[in-house]
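[1] Predicted coordinates and the sequence they were generated for:
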Amino acid sequence: MTLRFVGIDPNTGGEGSPTVWVEEESADLVLQGEEVDELLKSLVGSTEWVAGHTTGIPAHERVIRIPVRMAKILREACDAAERAAAEHRDVR
């Protein structure tokens, strides 16, 4: 597994910080962020966002918060993920 570091919250204080990587082989985005509070988690988990889709947050998933100041970093990560996916399609 190869992770490509894309960026970290520019306002980081040197400890745990929202961070974005691309996992090169799968082209998946990997995000580290602050887990949301119980109120927001409840809203996310109890709302039917897509008709007919099960509500709730599965035990293996987390809802995290990424600050808007990282939007540019997320766009860069999406571009990198698309490039990685295209490279792997060419090889297969």
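    Great, that's in hand. Numbering: from 1, shown residues only.

[2] use CA for all of it now, contacts and neighbours both
    Noted.

[3] Now do the buried residues in stretch 23-31.
    Buried residues in stretch 23-31, counting neighbours by 16 or more other CA atoms under 10 Å, are found at Glu23, Glu24, Ala27, Asp28, Leu29, Leu31.

[4] What's the end-to-end length of it?
    In stretch 23-31, first residue to last residue: 10 Å (CA to CA, to the nearest Å).

[5] Repeat that for stretch 3-20.
    End-to-end distance for stretch 3-20, by CA to CA: 10 Å.

[6] mind listing what's buried in that stretch?
    Buried-residue list, stretch 3-20, by 16+ other CA under 10 Å: Arg4, Val6, Gly7, Ile8, Asp9, Ser17, Pro18, Thr19, Val20.

[7] which residues sit against it?
    With contact meaning CA atoms under 8 Å, 6 or more residues apart in numbering, stretch 3-20 is reached by 21-24, 29-34, 66-67, 69-70, 73-74, 76-77.

[8] if we go to 10 Å?
    21-25, 27-34, 64-78, 80-81 (CA atoms under 10 Å, 6 or more residues apart in numbering).

[9] So among the residues you listed, which ones count as buried?
    Of the contacts of stretch 3-20, these count as buried by 16+ other CA under 10 Å: 21-24, 27-29, 31, 33, 64, 66, 70, 73-74, 76-78, 80-81.

[10] Of these, which belong to strands?
    Counted as lying in strands by DSSP state E, out of the buried ones among the contacts of stretch 3-20, are Trp21, Val22, Glu23, Asp28, Leu29, Leu31, Ile64.

[11] Show me what the least confident helix or strand in the chain by mean pLDDT is packed against.
    Using mean pLDDT, DSSP states H and E, the weakest-scoring helix or strand in the chain turns out to be helix 71-91, at a mean of 86. On a contact count with 3 or more CA pairs under 10 Å, 6 or more residues apart in numbering; DSSP states H and E, helix 71-91 meets strand 3-8, strand 19-23, strand 28-32.
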